[in-house]
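> pasting the sequence and the predicted model now:
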Amino acid sequence: LRYLKEYLEVLRGVLWQGSIDHQGEFFQVVDTLPRTAQVPLLIPALGLKAFRLAGEIADGALASLCPVPYLLDQALPALQAGAEARSRPAPPLIACLPVAVSQDEAAVLVAVRQLIQQLAQTSTYAHMFAQAGWASAVNGDEAELNALARTLVISGNEATVRDRVQELLASGLDELLLLAMPIADEAMERKQLL
């Protein structure tokens, strides 16, 4: 997180001010650019400390493949606390969630469970799942793994997916990145999602 914080400081200086003279712990940069670009600077966030840091310094938190209850009950308050600590408005929370335009719940669960098992092999995801209350799911409890999968995926027919997306946006998540998860017919399901 220290590295990420310093990296964002350097990036903001270069992009927003057009010049940087930074001698830090990780970066030593002296540079000037001919023009500026005040683009929003988002940081990835999985753990609560990263969400808090995003609230303090970033223009948004990108939460990739986190359970929705975790985002709403733990991550969003951490993001808001970080922003409050710096007397600034909370930046947007952007959730990246898989979407399966399919009514075959068993096939959807198999696909999402495989994704979870792959993610849980990395320590950052394993820690986040544990923080979110799903340690038993990643340790092999099949019922818990299915329950976790249901908190991650948006699935169903087009109307069900549309309704769930609208519900999530109304719940406190600011933006959604939808990750197409094909189940039976990738081309058709992608077309339906779009």
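Arrived safely.
> could you pull out the helices in this structure for me?
Under the criterion DSSP state H, the chain carries helices at the ranges 2-12, 48-57, 68-70, 76-85, 105-119, 123-131, 135-138, 142-152, 158-171, 186-193.
> counting contacts, what elements does the longest one pack onto?
Read that as helix 105-119. Applying 3 or more Cβ pairs under 8 Å, 6 or more residues apart in numbering; DSSP states H and E, one finds that helix 105-119 contacts strand 93-101, helix 123-131, helix 135-138, helix 142-152. Quick note: C-beta positions are derived from backbone N, CA and C, even for glycine.
> any idea of the mean pLDDT for the shortest one?
Confidence over helix 135-138 (mean pLDDT, whole number) is 88.
> ok, now stretch 181-194?
90.
> mind listing what's buried in that stretch?
Across stretch 181-194, burial judged by 16 or more other Cβ atoms under 10 Å covers M181, I183, E189, L193.
> swap in stretch 97-105?
L97, P98, V99, A100, V101, S102.
> and the contacts of that stretch?
The contact list for stretch 97-105, computed with Cβ atoms under 8 Å, 6 or more residues apart in numbering, reads 65, 68, 108, 111-112, 115, 152-158, 161, 168, 176-184, 189, 192-193.
> for the most far-flung residue of the chain relative to its centre, give me the pLDDT.
Computed with Cα atoms, centre = their mean, the residue of the chain farthest from its C-alpha average is P34, at 33.1 Å. pLDDT recorded at P34 is 84.
> for it, which non-adjacent residue is closest in space?
Among residues not flanking P34 along the chain, G18 sits closest, at 7.5 Å (Cβ to Cβ, 6 or more residues apart in numbering).
> returning to what we had before: Q23: which of the helices of the chain is closest?
Counting by Cβ to Cβ, Q23 lies closest to helix 2-12 out of these; the figure is 10.6 Å.
> the inter-axis angle of that closest one versus helix 48-57?
30 degrees (axes from the mean of the first three to the mean of the last three Cα atoms, to 10 degrees).
> if we can go back for a sec, in PyMOL, how would I select just the buried ones from the contacts of stretch 97-105?
Under the burial definition 16+ other Cβ under 10 Å, those of the contacts of stretch 97-105 that qualify are selected in PyMOL by:
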select buried, resi 65+68+108+111+112+115+152+153+154+155+156+161+168+176+179+181+183+189+193
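> what about this protein, any weak spots by pLDDT?
Along the chain, no part satisfies pLDDT under 70.
> center of it, which residue is that?
A63 (1.0 Å).
> that one against P91, yeah?
No - applying Cβ atoms under 8 Å as the test, A63 and P91 come out as separate, 12.0 Å apart.
> picking that back up, nearest to Y7, of the helices and strands packed on helix 105-119?
Once the helices and strands packed on helix 105-119 are compared by Cβ to Cβ, helix 123-131 is nearest, at 16.9 Å.
> pull that closest one out as PDB, backbone CA atoms only.
Extracted in PDB, the C-alpha atoms of helix 123-131 (Å, rounded to 0.1, in the frame of the first residue of the first chain):
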ATOM      1  CA  SER A 123      -3.000 -14.700  -1.000                       C
ATOM      2  CA  THR A 124      -4.700 -11.300  -1.600                       C
ATOM      3  CA  TYR A 125      -7.900 -13.000  -2.700                       C
ATOM      4  CA  ALA A 126      -7.800 -15.700   0.000                       C
ATOM      5  CA  HIS A 127      -7.300 -12.900   2.600                       C
ATOM      6  CA  MET A 128     -10.200 -10.800   1.100                       C
ATOM      7  CA  PHE A 129     -12.500 -13.800   1.000                       C
ATOM      8  CA  ALA A 130     -11.600 -14.600   4.700                       C
ATOM      9  CA  GLN A 131     -12.200 -10.900   5.600                       C
END
